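S.K.: what follows is a predicted structure for the sequence shown.
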Amino acid sequence: MEELIRKNKQKSLVLLFFAFVIMLVVGYVLGDLFYSYFHNPRVPNYAQDRMKFALSFAAVIGVIQAIRTVLIFHSKSVGLFKMLNLKPADKDKFSKLNNVIAEMSIAAGIPEPPPAYIIPSPALNAMAFGTDPENCAIAVTSGLLAICNRDELQGVIAHELSHIINRDSLFLEVCRSTLGMVVMLRDFLLRSLYWGSMSGASYRGSSSSKGKGSALNLVFVVLGIIFAILAPVMIQIIYFALSREREYLADAESAHLTRYPPGLASALTKIAYSTHSMDDVDKVTSASFIDQPYGDVIVNNKGSGTHPPIWNRIRILKNMAGGAGFIDYQKAYNEVMQHKADFMPESMLSSKFNAPFRGAESLTDEPAFIESKEQFNALVENSRGEDIVRLSEDYGFINCECGIKIKIPPEYKKLEIKCPRCGRNHILEFKLQNALADMLDETVETGAAAGIIHEVLNSDKGDPDYSDEDEQVYHRKNEGWEEITCKCGGKVQLSPTFVGSFVHCRKCQRKIKIS
Amino acid sequence: MIIILVIVLVAILYFVGIYNALVRMRNQIKNAWSQIDVQLKRRHDLIPNLIETVKGYMQHERETLENVIAARAKAVNASGVAGKAEAEGYLNTALDKLLAVVENYPNLKADQSFATLQEELSSTENRIAFARQYFNDSVLNFNNRVEIFPSNLIASSMNFQKEVYFEIKDAAEKEAPQVKF
């Protein structure tokens, strides 16, 4: 693992160095242009002064960018949170996600598992933020969480953790920052060229016809401008090439960490199918994902720019028949891509590092692996993506014995709720727990709160809101649908499945006993 | 003369580099081992809660429950790599039996706090497995380094011994402790 990080760092540094040099050249060209606008070429020492000015201009740009880079390395914030609608994934409510992150952190030897976040979105995606393992976070969409089983989730999380271990987000951010600087300089250049030609107020026009060696100078300026225009593209091309390698590498590491490549392969299959069907629903969100300045998106469907085509990645993972080690990934990569993977750490490719598969651990009530689009569609229909969003927004859920699931919004203040179908009363354990904890000034264990409140309720049978004379009793006639007319004139429907001992009139809130 | 000095200097730096790498790897193994310990303890701590929750539903499974309690007590007191591996093997078998019996109690399966415990338990099993995987990976790395030329020269002269893998002794544990519901 250490060699992997080192190799990655070296490659990144070379790339960043290139990007930096390109930026300096663009800075020089811009400085040169500025100088020529405001100075008369006929003054003595014009050429030297012009060069000096351009050099110092480039140097200032260099220093600014260096400071920005240092700031990124030292930034402790995981900045994207405010931009995306991220919700912290509570340890109790999202125990599976938090547990899987903890499990994979252990597998990767990261002492403190990064905090988890939920992105409320039906799209299937996951991201890693942050600069290093001590200072990072992982976010997954609610859609992904709803549709992936544990093996798949492990694969995805391990992939994201690998990005963090490889410092990919950090590299990405520094690269983007340099790219941003170059783009800014280029725009500045184009704009000043435009305004220069519009106003015609520079010395350039007069210099080109008289100055010594001005033709050469002009060629130089034009070449410089062309270079500046192309510079962002150049940086992007190198960056994309490396970024794709990083995706493959993170896949290889994910396979090695989980010892179960089919997990990630299946998750990617689901993601591959989903972007087609969910594109319309979620165009805005997914578009913003792909262009985020921080962090890394695990995939996008066809492999635009930073990500390799997803089906290639799936094919490679599925081809890893023998084992889950780097050497197996390398073999599968060579077979699928028809060329040699040269980005793998050499020492890990020795046959000494064999890593056999472990068995799948999918639990019975979890979403299954899929092979076809039809299976995927069926899975999406039955998934609980919206409930996961609600869970992240502090909704509570109660499964009533009559078979319906009551969703309780965070604004609901009472400690109990009545099932809208059968009238059963449910104590809201989670609210109770919080309320009791506030009262007692200590945490209340799950399960304890209900016991406490049961005692309280049983000791006080009377209903304080209604006096006896208001009470109404209704005797059931049969097992079918029945209608009760309340004293206030309101109507209450009783369903055949109703088994409670009372209902409330919707109009006057009167309690009607059922016998 | 200067050339010789440079060669000696480079040799010393190389020696120091490899020595430090070996020390780092050995510490990593120690860390990995303590992580296994942490996770085993986590499991031991979960079991009393599990028993407490299950007890109310399973009056007729006294023996199964007592087996788990006994196996846990044994595992808590076990020491050493081999001893721990064996005791944990017994605990796994006992837990597997208990969780197999749970199938017969639909009310228990619907219990929310049991579901929470189950998630924690199966996650802990995974954590133990992954901690062991990381431990064995670290040992593999270290042992390779101790064996391979030229670092083996430094390793043998500085008395670095090959470390032992955390192997599974008990056949019951070999089948990863699957928690099925």
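M.R.: Received the coordinates, thanks.
S.K.: rest of the way, CA atoms for contacts and neighbours
M.R.: Noted.
S.K.: roughly how far apart are A:T141 and A:P120?
M.R.: 6 Å (Cα to Cα, to the nearest Å).
S.K.: next SSE downstream of whichever helix in chain B runs longest?
M.R.: Secondary structure of chain B per DSSP state H: the longest helix is helix B:2-55. Using DSSP states H and E, the helix or strand that follows helix B:2-55 in sequence is helix B:62-77.
S.K.: and that following helix, how far from the chain's centre?
M.R.: Distance, stretch centre to chain centre, for helix B:62-77: 19 Å (Cα atoms, centre = their mean, to the nearest Å).
S.K.: tilt between that helix and helix B:2-55?
M.R.: 150 degrees (axes from the mean of the first three to the mean of the last three Cα atoms, to 10 degrees).
S.K.: and helix B:62-77, what's buried?
M.R.: B:T64, B:L65, B:N67, B:V68, B:I69, B:A71, B:R72, B:K74, B:A75, B:V76 (16 or more other Cα atoms under 10 Å in any protein chain shown).
S.K.: quick one, what contacts residue 161?
M.R.: No chain specified, so I'll use chain A. A:M104, A:S105, A:A108, A:A128 (Cα atoms under 8 Å, 6 or more residues apart in numbering or on different chains).
S.K.: actually chain B
M.R.: By Cα under 8 Å, 6+ apart, the residues touching B:Q161 are B:V146, B:A155.
S.K.: same question for the one 4 residues further on.
M.R.: B:Y165 is in contact with B:F135, B:N136, B:V139, counting by Cα under 8 Å, 6+ apart.
S.K.: can you list contacts of the helix or strand hosting A:A272?
M.R.: Here A:A272 is covered by helix A:261-278, with elements defined by DSSP H and E. With contact meaning Cα under 8 Å, 6+ apart, helix A:261-278 is reached by A:122-125, A:148, A:151-156, A:251, A:254-255, A:299-301, A:310-311, A:313-315, A:317-318, A:320, A:324, A:369-371, A:373, A:376.
S.K.: name only those of those residues that count as buried.
M.R.: Buried, going by 16+ other Cα under 10 Å: A:122-125, A:148, A:151-156, A:251, A:254-255, A:299-301, A:310-311, A:313-315, A:317-318, A:320, A:324, A:369, A:376, out of these.
S.K.: if we can go back for a sec, what do A:T141 and A:P120 both touch?
M.R.: With Cα under 8 Å, 6+ apart as the test, A:T141 and A:P120 reach no residue in common.
S.K.: before we move on, the earlier item: near chain B, which of the contacts of A:L161 show up?
M.R.: Restricting the contacts of A:L161 to those touching chain B (Cα under 8 Å from any Cα of the partner chain) yields A:M104, A:A108.
S.K.: show me which pair in the contacts of A:L161 is furthest apart.
M.R.: The span of these, defined through Cα to Cα, is set by A:A108 and A:A128 at 14.9 Å.
S.K.: distance between the longest helix of chain B and the chain's centre?
M.R.: Centroid separation for helix B:2-55 versus its chain: 13 Å, with Cα atoms, centre = their mean.
S.K.: residue 11 - how many residues pack around it?
M.R.: As the question left the chain open, I've gone with chain A. 13 (other Cα atoms under 10 Å in any protein chain shown).
S.K.: let me rephrase: I mean chain B.
M.R.: Applying other Cα under 10 Å, I find that B:A11 has 12 neighbouring residues.
S.K.: report pLDDT for it.
M.R.: We have a pLDDT of 89 for B:A11.
S.K.: so how far is A:L124 from it?
M.R.: Distance of B:A11 to A:L124, computed by Cα to Cα: 53 Å.
S.K.: repeat that for B:I154.
M.R.: Counting by Cα to Cα - B:I154 and A:L124 are separated by 50 Å.
S.K.: same question for A:R424.
M.R.: For A:R424, the distance to A:L124 - Cα to Cα - is 37 Å.
S.K.: now A:I22
M.R.: Applying Cα to Cα to A:I22 and A:L124 gives a distance of 37 Å.
S.K.: ok, back up a step: between A:A108 and A:A128, which one's more packed in?
M.R.: Each of A:A108 and A:A128 has its neighbours counted (other Cα under 10 Å); A:A128 has more, 27 against 23.
S.K.: which strand residues bridge that one?
M.R.: Residues in a beta bridge with A:A128, per DSSP bridges, are A:I138, A:D296.
S.K.: as a whole number, average confidence for the helix ranked longest in chain A?
M.R.: Counting residues, the longest helix found in chain A (DSSP H) is helix A:214-258. With pLDDT averaged residue by residue, helix A:214-258 scores 81.
S.K.: just stretch A:309-320 next, same as before
M.R.: 83.
S.K.: cool, and stretch B:22-30?
M.R.: 88.
S.K.: quick check: the spatially most central residue of chain A vs chain B, distance?
M.R.: Centroid-nearest residue in chain A: A:M127, 3.2 Å away (criterion: Cα atoms, centre = their mean). To chain B, A:M127 is 22 Å away according to Cα to the nearest Cα, to the nearest Å.
S.K.: got it, and A:I327?
M.R.: 15 Å.
S.K.: worst-scoring helix or strand of chain A, pLDDT-wise?
M.R.: Scoring the helices and strands of chain A by mean pLDDT, DSSP states H and E places helix A:283-290 at the bottom, with a mean of 31.
S.K.: meant to ask about chain B, not that
M.R.: Here the helix or strand of chain B ranked lowest by mean pLDDT, DSSP H and E is helix B:171-174, holding a mean of 42.
S.K.: run through chain B and note the low-pLDDT ranges.
M.R.: B:167-181 (pLDDT under 70).
S.K.: can you list the domains in chain A?
M.R.: Each domain of chain A is listed here as a residue range: A:2-77+A:171-241, A:79-153+A:246-349, A:394-459, A:468-514, per automatic domain parsing.
S.K.: strands of the stretch 101-250 of chain A, residue ranges please.
M.R.: With strands called from DSSP state E, counting those that start in this stretch, the stretch 101-250 of chain A shows them at A:116-119, A:126-132, A:135-141.
S.K.: where among those is the average confidence lowest?
M.R.: Ranked by mean pLDDT, those bottom out at strand A:126-132, which scores a mean of 77.
S.K.: just want the angle from it to strand A:135-141.
M.R.: 170 degrees.
S.K.: now do the same contact list for residue 116.
M.R.: Picking chain A for this. A:P88, A:A89, A:L97, A:N98, A:I101, A:A137, A:I138, A:A139, A:V140.
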